[in-house]
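1. here is a sequence with its predicted model. Questions after.
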Amino acid sequence: MIALNVQSLSKSFGGLRATHNVSLQIEEGERRAIIGPNGAGKTTLFNLISGFLFPSSGSISLFGGDVTRLHAHQRASLGIARTFQVTNLFQRLTLFENILLGVQAAKASRFCFYRRAKSFGGMMHEVEDLLKEWSLWEKRDVPLKHLSYGEQREIEVIMALAGKPRLLLLDEPTAGLSPAETVQVTSIIRSLPREITTVLIEHDMDVAFAVAERITVLYFGSVLEDGTVEQIKGNPKVAEVYLG
């Protein structure tokens, strides 16, 4: 089954053309990397897929249903989750409280504002299970601002997973990380269950090659090449774009 089908997608901001006629198909359970130099249109493409922007032309289909004109929250309810280039967490709340918000966001109870958090026993257990699964239970009461940047990037992925998405978009998940932290986050991404179709934007070619099965290369807003890891590694056009 096709999880994500993007056809002839274009987005212009006045005279600036950010993406142009981008088409790609991603199979359910696939791991796809989107690479390209700065300004290639990668984050714009993610914003179009997730509903933060509407396209100037083209269409987007998610698991067989057209979502081109649905807003971000509507697409989220259909199973899209994403992370961002810059960490977007609640720094004054604890690790447990951050993950709890991620879990609650996918529940009908997100509209209940006058009940104590402890009254949602099922969600509390879900948070506990997630933190234990990712070996973070011992840090559950630590405010986010006291955790390392690498840990916060890891927590962003966990929060995105808390809503049990079918399509996960990761925008440069290893940006700004040390080599050791990069290895840790790469391992997390590779360990994700196959029920989650995973698409990531990544500047680190080693990470892209380690995680993805297919790679799409964007250049000046258009698809330059699309293929397997080996095909992209040996492609002279891709080498020219990155190395000049």
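-> Perfect, I can see it now. Numbers count the residues shown, from 1 in each chain.
2. could you find the closest non-adjacent residue to Gly51?
-> In space, not counting the residues next to it along the chain, Gly51 is nearest to Ala72; the distance is 3.6 Å by Cβ to Cβ, 6 or more residues apart in numbering. Any C-beta I mention is one placed from the backbone N, CA and C, and that applies to glycine too.
3. for the one you found, what are its contacts?
-> 50-52 (Cβ atoms under 8 Å, 6 or more residues apart in numbering).
4. what's the answer for Pro37, then?
-> For Pro37, the contacting residues are 219, 241-242, taking Cβ under 8 Å, 6+ apart as the criterion.
5. what helix or strand is Ser59 located in?
-> Under DSSP states H and E, the secondary-structure element containing Ser59 is strand 57-62.
6. what's the first helix or strand after that strand?
-> Scanning forward in sequence from strand 57-62, with DSSP H and E defining helices and strands, the next element found is strand 65-66.
7. buried ones in the very next helix or strand once past that following strand?
-> As assigned by DSSP H and E, the chain's next helix or strand after strand 65-66 is helix 72-77. Applying a neighbour-count criterion of 16 or more other Cβ atoms under 10 Å, the buried positions in helix 72-77 are 75-76.
8. and the strand or helix carrying Ile158, what does it pack against?
-> Assigning secondary structure by DSSP H and E places Ile158 in helix 149-162. In terms of contact count using 3 or more Cβ pairs under 8 Å, 6 or more residues apart in numbering; DSSP states H and E, helix 149-162 is assigned the packing partners strand 80-82, helix 95-104, helix 121-133, strand 167-171, helix 179-190.
9. could you rerun that using 6 Å?
-> Based on contacts counted as 3 or more Cβ pairs under 6 Å, 6 or more residues apart in numbering; DSSP states H and E, the elements that helix 149-162 packs against are helix 95-104, helix 179-190.
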